[in-house]
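*Asks:* Got a sequence here, can you model it:
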Amino acid sequence: MGLIFIYADYIAPLFDRFTPLPDGDLRTQIETLAASIEFPLYKIFVVEGSKRSSHSNAYFFGFYKNKRIVLFDTLLEENPVNKEASAGEAAGDGSEDSSDTASEPEQKGDGDPKDEEKKKKIGCSNDEILAVLGHELGHWKLGHNLKNIIISQVQYYC
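*Replies:* This is a model prediction of the structure:
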């Protein structure tokens with residue numbers, strides 16, 4: 001049981017990079033949705049799941065008033081994790097490696113507006129993300145997690 005309490009702060013960051021969801025429409029809509037069902041939202045994160053899979057997901061975890069919502073970066077149309085990486089590359093020191101990387105897409109013919117539009121449409125719209133979160137928060141509101149724990153314990157001991 002103690003492992004559950006330290007998972008969020010110490011274990012999960014060893015395996016994934018958690019970035020706070022930046023302020024904007026999506027964050028405001030998520031906070032409004034959580035408040036409408038009295039979900040004790042503490043933080044909203046984006047996890048870099050695209051390095052392992054193209055699977056999209058969202059989940060929440062935490063106890064009492066310390067609940068956190070996590071969105072996979074593959075779920076978002078505009079990925080703040082990739083934006084930070086791009087900004088870091090653009091702000092490079094001008095070394096030969098960064099200039100080769102910057103000129104490489106031009107040689108491949110990327111930069112076509114259609115290609116950029118396809119990249120942007122990989123994720124879900126804000127309404128679709130809210131639908132996914134609404135589903136997950138519905139599990140919390142209806143007590144499904146607690147019910148499943150109790151049912152599994154009963155099955156274990158019977």
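*Asks:* how much space is there between I11 and T74?
*Replies:* Distance of I11 to T74, given as CB to CB, to the nearest Å: 22 Å. Just so you know, the C-beta spots here come from the backbone N, C-alpha and C atoms, and that holds for glycine as well.
*Asks:* And the strands in the protein, which stretches?
*Replies:* 18-20, 41-47, 58-61, 67-72 (DSSP state E).
*Asks:* which strands and helices sit next to the third one?
*Replies:* So that's strand 58-61. When contacts are defined as 3 or more CB pairs under 8 Å, 6 or more residues apart in numbering; DSSP states H and E, strand 58-61 sits against strand 67-72, helix 126-141.
*Asks:* Mind listing the strands that strand pairs with, and their directions?
*Replies:* strand 67-72 (antiparallel) (DSSP bridges).
*Asks:* how about JSON lines for the strands of the chain, with mean neighbour count added?
*Replies:* Formatted as JSON lines, the strands of the chain follow (neighbours: other CB atoms under 10 Å):
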{"stretch": "strand 18-20", "mean neighbour count": "14"}
{"stretch": "strand 41-47", "mean neighbour count": "19"}
{"stretch": "strand 58-61", "mean neighbour count": "17"}
{"stretch": "strand 67-72", "mean neighbour count": "22"}
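*Asks:* so where is this structure shaky, pLDDT-wise?
*Replies:* Counting by pLDDT under 70, the chain contains low-confidence ranges at 1-2, 4, 79-121.
*Asks:* Bridge partners for the one residue sitting closest to the centre of it, pull those for me.
*Replies:* Against the mean C-alpha coordinate of the chain, by CA atoms, centre = their mean, the closest residue is L71 at 2.1 Å. According to DSSP bridges, the partner residues bridging L71 are V46, A58.
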